[in-house]
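Asks: Just to be clear, the model below is a prediction. Sequence and coordinates:
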Amino acid sequence: MTVATVPSLAHKVGGAPAEDSIIVGTADWNLHFPATSVDQKDADTPDSWIPRDPRIQRLTGRHPLNCEAPMDVLMASGFITPPSIHYVRNHGAVPKLNWASHKIHIKGLVNTPLTLTMDELVALPSVTLPITLVCAGNRRKEENMCKKSIGFNWGPCAVSTSYWTGVHLGDLLRKAGINQSSGAQYVCFRGVQGELPKGDDGSYGTSLLLHYALDNANDVLVAYKQNHRWLTPDHGFPVRIIIPGFIGGRMVKFLEEITVTAVESNNFYHYHDNRVMPPHVDEELAKKEGWWFRPDYIINELNVNSAVSRPWHDDVIPTATNSTYEMSGYAYTGGGRKLIRVEVSLDIGKTWRQADIIRHETPTPAGKYWCWVFWKFEVQTVEFARASEVLVRAWDSSMNTQPAHLTWNVMGMMNNCNFRILIHQHVDDKGNMGLRFQHPAPVQPGALGSIGWREEEALARQGQEEAAAATTAAVVASKPAAAAAGGVAMYTMEEVEQHSTEESTWFVHEGKVYDATTFLEEHPGGAESILISAGMDATDEFNSIHSSKAKGMLKDYYIGELVTAEQKAAALAAAVTSADSKAPAAAITIT
């Protein structure tokens with residue numbers, strides 16, 4: 001069914017003031033490209049009321065939503081990203097908030113504590129600015145292929161740009177009045193309470209230096225519109241913080257409280273997220289030695305970074321004749337600095353050539369640059385044929401650039417090494433010769449089924465390539481026999497699906513069945529994050545967000561092997577035959 005108009009979800013569900021429906025084919029439609037229905041993946045989750053674009057790439061399974069757009073979709077939208085494909089970082093279910101009842105409390109070391117309704121907030125003087133948001137985990141999958149961090153696999157598209165409308169935070173703070181003799185140093189932000197499983201009050205919070213927040217040249221916003229319309233649920237309806245040039249983790253969504261304090265935020269997520277520690281610090285050492293609370297390792301401003309959108313992973317260009325090929329991609333930096341150049345190398349970094357920068361923004365009155373740039377670079381295909389790889393790096397106005405090599409850290413954050421693409425000879429099924437490009441770690445395999453080169457390196461290190469090729473068929477064929485020999489229970493997927501409640505919570509991981517019922521209350525992410533995958537194969541969801549330590553804990557909840565109905569029947573028949581022949585039968589459990 002073709003949808004011609006889409007009504008405002010903020011008005012219809014959230015009670016925000018009425019705004020026009022979005023009409024297909026209009027400029028407003030192109031700015032939003034609104035999702036028109038609830039994705040089946042969300043149907044039985046707490047987010048089942050939120051329409052979402054089916055093109056997004058989900059990185060942590062069905063729930064909570066953490067996603068990025070495919071590179072071609074992101075780039076096709078141009079400078080401004082529609083909210084429907086803008087990257088999303090959710091720590092839990094999206095709170096269902098109401099415009100009329102939601103309030104922002106401004107308190108702490110202020111002369112006049114304030115409580116603002118949404119109507120009062122939007123009546124204040126506002127600004128609208130194009131601002132690029134980036135998750136600190138952008139390109140994390142590359143790090144995870146070297147060594148697993150405690151974060152999930154962001155590809156290179158955890159970056160998006162929108163027009164954000166809101167009130168300068170400095171104006172609100174001056175309205176409340178700062179108590180100058182109080183020792184005020186920070187302004188803390190908190191989302192709604194009870195939203196998340198961790199922390200004293202289940203909220204997401206962080207803080208910012210008060211001096212920075214008071215300076216309107218930094219354009220810190222209490223924002224309520226994205227691309228000129230009320231915020232959508234995934235992006236913080238009805239109100240959120242926007243801090244241009246900073247990592248996304250400082251921009252609290254579902255904002256409820258602003259507190260001026262003498263010390264930084266004590267929120268759980270302020271300390272246990274968004275840190276870059278030295279590469280020798282793993283999760284265990286960070287906890288043991290208190291690295292989470294060392295102030296030197298907090299991250300705020302974005303670093304300089306870039307990525308290639310064309311050629312994309314698994315793209316092939318013909319080599320029958322030489323021709324001009326246009327490479328393209330994006331680059332960004334933080335702190336309001338200007339991105340001044342993008343460079344390409346075709347000789348392993350010996351020489352660099354400048355790409356053309358496409359800049360869509362003008363500097364703010366304070367000379368700040370808050371947005372990404374696009375770049376393009378023309379190369380002859382014969383130059384690709386003579387090269388083994390392509391390197392890309394960017395520079396900003398402080399002469400910051402991207403390092404040649406990746407440096408791992410326990411959170412897998414701020415990866416900004418040279419964007420490196422390998423070039424391979426390629427012959428298609430018709431004998432046509434060409435060159436295939438292999439990116440480091442795309443979210444999904446490419447059009448030809450290839451994975452990234454960092455993924456291949458990881459498999460090689462683990463010795464899995466040869467082992468998988470040699471044993472896959474044998475493992476599948478012998479699973480019932482192995483289970484029978486070891487006295488292990490066997491379950492079909494149909495049987496697993498019967499255990500999807502709090503009373504009996506089973507799931508499958510890599511062909512094995514686990515009963516997590518007794519772990520529901522102990523799980524750090526709350527029972528809901530397990531129940532959402534109960535009765536299902538949770539392999540992808542589990543692997544995307546859990547460390548090797550968590551994987552090692554699975555053995556305590558193992559109850560049997562996953563088999564097909566045919567395999568189970570064969571095992572049962574074998575057991576009966578063994579018993580009939582009075583031969584010593586191996587222990588077997590048929591459930």
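Replies: Right, received. Where do you want to start?
Asks: can we go C-alpha only for contacts and neighbour counts from here?
Replies: Will do.
Asks: hang on, Ile317 in a strand?
Replies: Yes. Checked against DSSP: H, G, I helix; E, B strand; the rest coil, Ile317 lies within a strand.
Asks: So what pairs up with it in the strands?
Replies: As for beta bridges, Ile317 partners with Leu435 under DSSP bridges.
Asks: hmm, who's touching the helix or strand hosting Ala460?
Replies: For Ala460, the element it lies in under DSSP states H and E is helix 453-461. Applying C-alpha atoms under 8 Å, 6 or more residues apart in numbering, the external contacts of helix 453-461 come out as Glu142, Met145, Cys146, Leu422, Gln438, His439, Pro440, Ala441, Glu465.
Asks: least confident pick among those residues?
Replies: pLDDT across those is lowest for Glu465, at 49.
Asks: Please list all residues in contact with Lys555.
Replies: Listed by C-alpha under 8 Å, 6+ apart, the contact set of Lys555 is empty.
Asks: What ranges does the stretch 451-591 of the chain have for its helices?
Replies: Counting by DSSP state H, counting those that start in this stretch, one finds helices in the stretch 451-591 of the chain at the ranges 453-461, 464-485, 493-496, 527-531, 539-545, 548-553, 565-580.
Asks: Is Leu74 located within a helix, as I assumed?
Replies: Yes. Assessed by three-state DSSP, Leu74 belongs to a helix.
Asks: Point out where the stretch 351-500 of the chain drops to low pLDDT.
Replies: 464-487 (pLDDT under 70).
Asks: switch to 80 and redo it
Replies: 463-487 (pLDDT under 80).
Asks: isn't Gly194 right up against Asp200?
Replies: No. Between Gly194 and Asp200 there is no contact under C-alpha atoms under 8 Å: 9.3 Å.
Asks: Could you report the neighbour count for the closest residue to Val159 other than its chain neighbours?
Replies: Ranked by C-alpha to C-alpha, 6 or more residues apart in numbering and with sequence neighbours excluded, the top spatial neighbour of Val159 is Val134, at 4.4 Å. Around Val134 there are 26 other residues, counting by other C-alpha atoms under 10 Å.
Asks: Can you tell me what sits against the host helix or strand of Val260?
Replies: Here Val260 sits within strand 257-261, counting by DSSP H and E. Residues outside strand 257-261 that contact it (C-alpha under 8 Å, 6+ apart): 104-110, 178, 183-191, 210.
Asks: Which members of the residues you listed occur in strands, if any?
Replies: In strands, judged by DSSP state E, the following of the contacts of strand 257-261 are found: Ile104, His105, Ile106, Lys107, Gly108, Tyr186, Val187, Cys188, Phe189, Arg190.
Asks: For the last one, list the residues it contacts.
Replies: Spelled out, that is Arg190. Ser203, Tyr204, Gly205, Thr206, Val252, Leu255, Glu256, Glu257, Ile258.
Asks: what's near enough to touch Asn111?
Replies: By C-alpha under 8 Å, 6+ apart, the neighbours of Asn111 are Ala176, Gly177, Ile178, Asn179.
Asks: Let me have the ones in strands among the contacts of strand 257-261 in CSV, adding distance to Ser77 and pLDDT as columns.
Replies: Shown next, in CSV, are those (distance: C-alpha to C-alpha, whole Å; pLDDT from 0 to 100):
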residue, distance to Ser77, pLDDT
Ile104, 33, 98
His105, 36, 98
Ile106, 37, 98
Lys107, 40, 98
Gly108, 42, 97
Tyr186, 37, 98
Val187, 35, 98
Cys188, 34, 98
Phe189, 31, 98
Arg190, 32, 98
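Asks: Most neighbours out of those residues, which is it?
Replies: Val187 (28 neighbours).
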